[in-house]
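Peer 1: structure for this input, please:
(one chain, ligands or ions: 2)
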Amino acid sequence: MSGLPVPPPLGTAMLPAGTFAGQVVAVTGGGTGLGKAIAVEFARLGAAVAVLSRKPEHHAKGVAAIEVVGAKAGAFAVDVRDPEAIAVAFDEVEAALGPVDVLVNNAAGNFPQPAEDISPRGWRAVTDIVLDGTFFASTEFARRARAGGRPGAVLNIAATYAWTGGPGTAHSAAAKAGVVNLTQSLAVEWAPDGIRVNGLAPGLFPHEDVPPQMRADTPEGLASLARTVPAGRVGSPHELGWAATFLCSPYAAYLTGHTLVLDGGNWLRRGLRMPDFLPVREQFPPPPDAKDRS
Ligand SMILES: CCCCCCCCC/C=C/C(=O)SCCNC(=O)CCNC(=O)[C@H](O)C(C)(C)COP(=O)(O)OP(=O)(O)OC[C@H]1O[C@@H](n2cnc3c(N)ncnc32)[C@H](O)[C@@H]1OP(=O)(O)O
Ligand SMILES: NC(=O)C1=CN([C@@H]2O[C@H](COP(=O)(O)OP(=O)(O)OC[C@H]3O[C@@H](n4cnc5c(N)ncnc54)[C@H](OP(=O)(O)O)[C@@H]3O)[C@@H](O)[C@H]2O)C=CC1
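Peer 2: Ligands and ions are numbered 1, 2, ... in the order given. Sure, this is the predicted structure:
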């Protein structure tokens, strides 16, 4: 399979150097995976970047990746489910780097499981992180930007199953659907303040930081994943960084309320004739060490 052209390599500039010079960008979950790739791309374009997440080991990884490209970085401990902790983290970012100009709501929790097996705490953990966390961080950002008379941009990371739902993702898909909808409400409410709110929905972007059930660790695993995508390959995290920086840049100044899909055509491949149907329990059998929740 040949598919769409491969992208330019990591480190290739898309936007002009210095596009985010003098700006402060806060990325929730910016210490791992896709959030880290997005953080690095903003840093490459001149931003000072704040990593907001729970775990010190993730803070260290994010800060190291940002500093390697010569940018100022800081890491701030926060659980996005706690609105008071978010306010404290914004205070800390302001004291260390300055007021936040761009907020990327990237933090998420997810574990594939048949819907009727998801415990109430499991449901709440995922929906609270994804939907409530996005709402709490966005509103904290907007209150401060408005009070300071500063324009800004918010970028919400979604997923393509926000529109379709999907097996094993009842909690995450429902929360991401809420995020896409919230993106639209906030965009129209905050446009008069010069605050744009957009979304970015990644398709398949495997990387080493996602939990084991969502990883493709071997070359064979990656190749078989690539064969499922119309473009013939999975996404590279730095491609998301390009899309994220574009959406938050002045080149997208008239764009708000939109969620951009970056997935090599994957979510559109559904036809009337599909491969044999696989029930959710066969797609996501419980891991051998799973607790018995029956
Ligand atoms: C193929 C290649 C594709 C290639 C890539 C494909 C990617 C597909 C799309 C990916 C989209 C993503 O969002 S990827 C992002 C994934 N990243 C993450 O999830 C990282 C952060 N995750 C977490 O922190 C945790 O997983 C999460 C549960 C969400 C929150 O943790 P907390 O500490 O708040 O909560 P805990 O106390 O640990 O757990 C809360 C409840 O959830 C339950 N729970 C926790 N983990 C569970 C699990 N694995 N299975 C069942 N249930 C679980 C617990 O048992 C608890 O319920 P009780 O037992 O009742 O008490
Ligand atoms: N990878 C993929 O193929 C896809 C990913 N996505 C989306 O992309 C985004 C990034 O995912 P990805 O990089 O793959 O996954 P990761 O697991 O690597 O990243 C999740 C990040 O969220 C942070 N986080 C989780 N819970 C909280 C919390 N309560 N408060 C603060 N931070 C939290 C974690 O940091 P810490 O543990 O330090 O708190 C971690 O850095 C997510 O929104 C995800 O839904 C969507 C579709 C596909």
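
Peer 1: please put the alpha-carbon coordinates of the helix ranked longest in the chain into CSV.
Peer 2: Ranked by residue count under DSSP state H, the longest helix found in the chain is helix 170-190. The C-alpha atoms that make up helix 170-190 are tabulated as CSV, following Å, rounded to 0.1, in the frame of the first residue of the first chain:
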residue,chain,number,x,y,z
ALA,A,170,-18.4,4.7,25.8
HIS,A,171,-16.9,7.0,28.5
SER,A,172,-14.2,8.6,26.4
ALA,A,173,-16.4,9.0,23.3
ALA,A,174,-19.2,10.6,25.2
ALA,A,175,-16.8,13.0,26.9
LYS,A,176,-15.1,13.9,23.6
ALA,A,177,-18.5,14.5,22.0
GLY,A,178,-19.1,17.0,24.9
VAL,A,179,-15.7,18.6,24.2
VAL,A,180,-16.6,19.1,20.5
ASN,A,181,-19.9,20.7,21.5
LEU,A,182,-18.3,22.8,24.2
THR,A,183,-15.8,24.1,21.7
GLN,A,184,-18.7,25.5,19.7
SER,A,185,-20.4,27.1,22.6
LEU,A,186,-17.3,28.7,24.0
ALA,A,187,-16.2,29.9,20.5
VAL,A,188,-19.4,31.9,20.0
GLU,A,189,-19.4,33.2,23.6
TRP,A,190,-15.8,34.4,23.6
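
Peer 1: that helix: how far from the chain's middle?
Peer 2: In terms of C-alpha atoms, centre = their mean, to the nearest Å, the centre of helix 170-190 is found 13 Å from the chain centre.

Peer 1: ok, and what's touching that helix?
Peer 2: Counting by C-beta atoms under 8 Å, 6 or more residues apart in numbering, the neighbours of helix 170-190 from elsewhere in the structure are 105, 108-110, 115, 118, 122-123, 126-127, 129-131, 134-135, 138, 142, 154, 156-159, 161-166, 196-199, 201, 256-259. (Glycine included, C-beta is placed from N, CA and C.)

Peer 1: mind doing that once more with 6 Å?
Peer 2: 110, 115, 118, 123, 126-127, 130-131, 134, 138, 142, 156, 158-159, 161-162, 165-166, 197, 199, 256-257, 259 (C-beta atoms under 6 Å, 6 or more residues apart in numbering).

Peer 1: partners of the helix or strand just after it, with directions?
Peer 2: Downstream of helix 170-190, the next assigned helix or strand under DSSP states H and E is strand 195-202. Here strand 195-202 is paired, per DSSP bridges, with strand 152-157 (parallel), strand 259-262 (parallel).

Peer 1: quick one: closest of those to residue 24.
Peer 2: Between residue 24 and those, the shortest separation by C-beta to C-beta is 9.9 Å, and it involves strand 152-157.

Peer 1: next, see if the closest one gets close to ligand 1.
Peer 2: No. Counting by C-beta under 6 Å from any ligand atom, no contacts exist between strand 152-157 and ligand 1, the nearest distance being 8.5 Å.

Peer 1: between the host helix or strand of residue 137 and strand 195-202, how many degrees?
Peer 2: Residue 137 belongs to helix 133-148 when assigned by DSSP H and E. In terms of direction (axes from the mean of the first three to the mean of the last three C-alpha atoms, to 10 degrees), helix 133-148 departs from strand 195-202 by 150 degrees.

Peer 1: returning to that earlier point: of the strands paired with strand 195-202, give the one that comes closest to ligand 2.
Peer 2: Distances from ligand 2 to each of the strands paired with strand 195-202 were compared using C-beta to the nearest ligand atom; the minimum, 3.9 Å, belongs to strand 152-157.

Peer 1: just give me how far the closest one sits from the chain centre.
Peer 2: Between the centre of strand 152-157 and the centre of its host chain there is 10 Å, according to C-alpha atoms, centre = their mean.

Peer 1: same deal with stretch 145-164?
Peer 2: Averaged over its C-alpha atoms, stretch 145-164 has a centre that lies 11 Å from its chain's centre (C-alpha atoms, centre = their mean).

Peer 1: is the longest helix of the chain anywhere near ligand 2?
Peer 2: No. Judged by C-beta under 6 Å from any ligand atom, helix 170-190 makes no contact with ligand 2; its nearest approach is 6.6 Å.

Peer 1: buried residues, that helix. List them.
Peer 2: Under the neighbour-count criterion of 16 or more other C-beta atoms under 10 Å, helix 170-190 has 170-180, 182-184, 186-187, 190 buried.
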